[in-house]
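**Student:** Have a look at this fold, sequence not included:
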């Protein structure tokens, strides 16, 4: 078995001064203020401190070896999406981030797999970059749970999903730009409460609008174990049944029908929660994920899964087979 982490984040060691170059916005800059650490700054506002394992490929491989994990699926940090930028500037940001990941994968082909980012605010440019990334060897893309507060059900995003299906590019949906953030900054509530809600928002949007129905071969993973979607599906399904005039207006297929038709990662931090998800979608739709290297992630890379008393085949599904299916990987490339 080759243990693969489906959900990790990475950033280039240096970032252009996009705010200065574009003449607007508070784009992320890095302040390497001491060895091994950097401050992520939005304009003059501190966002987060990160360590060198956010950009140091060799250090990441060494840290992963401690948990017998050989392969990392890497994507950018959502705050770098650049969806608020003018479309051509958004494309420039995406190209810079994607080129960095492409170089990483080329240098360490047995250790890294890339997910691209796209300028989702403009479908034509997003598809252009998607096609370029396909040629660069990316296996899929990471997108936000909303695009500038627009749900993924909006018609303008459908051509991008169509192109992903046509090009055989997988999709990871990651929460960001959390709803209600301005009303609940205290207690880290945007990360603890709004993030699961954001992923649920995205899943419902893609199901109710018919995206998953119209594009049955689109391979979508909803991160953070699908947010609250699977745990609140009873309520969602009841709403679909009791008020179809409000819910079933674009797709009359019950939401429960899509269980087993998308993937989720394993980031639950709770064995019982993961067992419940297993009972709903099966181990063949759960991918090991960590959200490495951030503190809210599973930084022991699935250790709790090995302590759950699962069968060997179940562990192999989560650690390897599900990710192979989601990204259509050739395992021989990583041996």
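**Tutor:** Thanks, I have the structure now. All figures in this text were calculated on a predicted structure; none of them were measured in a lab.

**Student:** Figure out how far stretch 278-290 is from the centre of its chain.
**Tutor:** How far stretch 278-290 lies from its chain's middle: 15 Å, per Cα atoms, centre = their mean, to the nearest Å.

**Student:** do the same with stretch 54-66
**Tutor:** 20 Å.

**Student:** Tell me the buried residues in it?
**Tutor:** Within stretch 54-66, the residues scored as buried using 16 or more other Cβ atoms under 10 Å are 54-57, 60-61, 63-64. C-beta: built from backbone N, CA, C; applies to glycine.

**Student:** would you list these in a markdown table and tack on secondary structure and distance to residue 234?
**Tutor:** Listed next are those as a markdown table, based on DSSP: H, G, I helix; E, B strand; the rest coil; distance: Cβ to Cβ, whole Å:
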| residue | secondary structure | distance to residue 234 |
| --- | --- | --- |
| 54 | helix | 38 |
| 55 | coil | 42 |
| 56 | coil | 44 |
| 57 | helix | 43 |
| 60 | helix | 39 |
| 61 | helix | 42 |
| 63 | helix | 39 |
| 64 | helix | 37 |
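
**Student:** For the nearest residue to residue 218 once chain neighbours are set aside, which residues are in contact?
**Tutor:** Nearest residue to residue 218 in three dimensions, chain neighbours excluded: residue 165, at 4.5 Å (Cβ to Cβ, 6 or more residues apart in numbering). Residue 165 makes contacts with 215, 217-218, as judged by Cβ atoms under 8 Å, 6 or more residues apart in numbering.

**Student:** Where neighbours are concerned, which of those residues has the most?
**Tutor:** residue 218 (20 neighbours; other Cβ atoms under 10 Å).

**Student:** Pick out the most distant pair among the buried residues of stretch 54-66.
**Tutor:** The largest separation in the buried residues of stretch 54-66, counting by Cβ to Cβ, is between 55 and 64 at 14.9 Å.

**Student:** just for the stretch 101-250 of the chain, where's the confidence low?
**Tutor:** Across the stretch 101-250 of the chain, nothing is flagged by pLDDT under 70.

**Student:** any chance you could map the helices in it?
**Tutor:** Secondary structure of the stretch 101-250 of the chain (DSSP state H, counting those that start in this stretch): helices at 123-136, 158-167, 189, 195-208, 211-214, 223-226, 233-242, 244-247.

**Student:** Can you tell me which of these is most buried?
**Tutor:** helix 223-226 (a mean of 26; mean count of other Cβ atoms under 10 Å).

**Student:** wait, doesn't residue 196 sit right on residue 230?
**Tutor:** No. Assessed by Cβ atoms under 8 Å, residue 196 is found out of contact with residue 230, at 10.5 Å.

**Student:** tally of neighbours for the closest residue to residue 201 other than its chain neighbours?
**Tutor:** Nearest residue to residue 201 in three dimensions, chain neighbours excluded: residue 145, at 6.0 Å (Cβ to Cβ, 6+ apart). Residues lying near residue 145 (other Cβ under 10 Å) number 27.

**Student:** For residue 145, which residues are in contact?
**Tutor:** By Cβ under 8 Å, 6+ apart, the residues touching residue 145 are 152, 173-177, 198-199, 201-202.

**Student:** Would you check how far apart it and residue 213 are?
**Tutor:** Going from residue 145 to residue 213 by Cβ to Cβ, to the nearest Å gives 20 Å.

**Student:** With residue 59 instead?
**Tutor:** Counting by Cβ to Cβ, the gap from residue 59 to residue 213 is 43 Å.

**Student:** Tell me where this structure has strands.
**Tutor:** 4-9, 28-34, 37-42, 45-51, 71-75, 112-116, 140-144, 170-174, 220-222, 263-265, 286-287 (DSSP state E).
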